[in-house]
Structures are given as C-alpha cells and as structure tokens.
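In: Prediction below, plus the sequence it came from.
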Amino acid sequence: QVQLVESGGGLVQAGGSLRLSCAASGRTFSRYAMGWFRQAPGKEREFVAATSRSGGSTYYTDSVKGRFTISRDNTKNTVYLQMNSLKPEDTAVYYCAADLLYTTTQIMSAGSYDYWGQGTQVTVSS
C-alpha cells in the first residue's frame, strides 16, 4: 500500500512557475514509476509527465515539453513537477500516481497506475 500526498498548487499568473511535490508513504517508493496527471473541469484526466523507478527515464505529453520537468528523490520518497512558463490552459487539478508494473508503452495510461493522490489545484490566470 502506498499513500500519496500532493502539495504546491496555487494561483499564478501566466508565465509564472510552480513546483508540485508528491510525498509517498512506505519504504518501497523506488519500486514504483511515478506519474503526474491533470484534470480540468469538464475534461477527462490526462497524462502530463512520468518518470521511471530510478528517475533515469522521463516522459512528457507534447503540450508541456520544454516547460515542465519531472524529477524524483528516492531518499525522500518524493516526486516533483517543476512547471515553468505556465499558461491558462494548464489550469487543472494535478494528481500524482504510482505504477508498480510499468512498461514504457503503458506509462502514459492512467489505467496502468495503482495508487493516486487526492490532487492539488493549479490555477493560471491570464
């Protein structure tokens, strides 16, 4: 069992930055690939970014490439999402998730993930 708690969301102006954190419970954090997803009102949950167990591989959806960076610190059981050059269309609830049996072909799929946090709101004003 893994419990995930996100933090760092808030209100920011377009062009600004935020850093999301996701703290995981337990001693098996390094066994999980970790992902960030987001869901805007009236829209489906979508993949944002993911990282492999070691952090050596990262994956991004096209709309955030070059602006967002995912990283993890396995000594702190924490995964981060650094978000720069934020746009109003980035407004959403952001969720982190843990995937035990990840594959590179499924890591962008929400259905592949085993545990989810409660989400943190990110609002970007124009």
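Out: The structure has been received and is ready for your questions. Residues are numbered from 1 along each chain as shown.

In: What is the burial count for residue 42?
Out: Applying other Cβ atoms under 10 Å, we find 5 other residues in the vicinity of residue 42. Every C-beta, even on glycine, is put in place using the N, C-alpha and C of the backbone.

In: packing partners for the helix or strand residue 47 falls within?
Out: Using DSSP states H and E, residue 47 sits within strand 46-51. For strand 46-51, the contact count by 3 or more Cβ pairs under 8 Å, 6 or more residues apart in numbering; DSSP states H and E identifies strand 33-39, strand 58-60, strand 68-73, strand 78-83 as packing neighbours.

In: Let's check: the centremost residue of this protein is which one?
Out: residue 36 (2.0 Å; Cα atoms, centre = their mean).

In: for that one, what are its contacts?
Out: Shown in contact with residue 36 (Cβ atoms under 8 Å, 6 or more residues apart in numbering): 20, 22, 48-50, 70, 79, 81, 94-97.

In: beta partners of the closest residue to residue 59 other than its chain neighbours?
Out: Closest residue in space to residue 59, ignoring its immediate chain neighbours: residue 50 at 4.6 Å, by Cβ to Cβ, 6 or more residues apart in numbering. Listed by DSSP bridges, the beta-bridge partners for residue 50 are residue 35, residue 59.

In: So, low pLDDT: which residues of this structure?
Out: Scanning the chain for pLDDT under 70 picks out no residues.

In: can we see that at 90?
Out: Applying pLDDT under 90 to the chain flags the ranges 1, 26-27, 101-105.

In: re the thing from before, leaving out sequence neighbours, find the closest residue to the residue nearest to the centre of the chain.
Out: Residue 36's closest residue in space is residue 48 (Cβ to Cβ, 6+ apart), at 4.4 Å.
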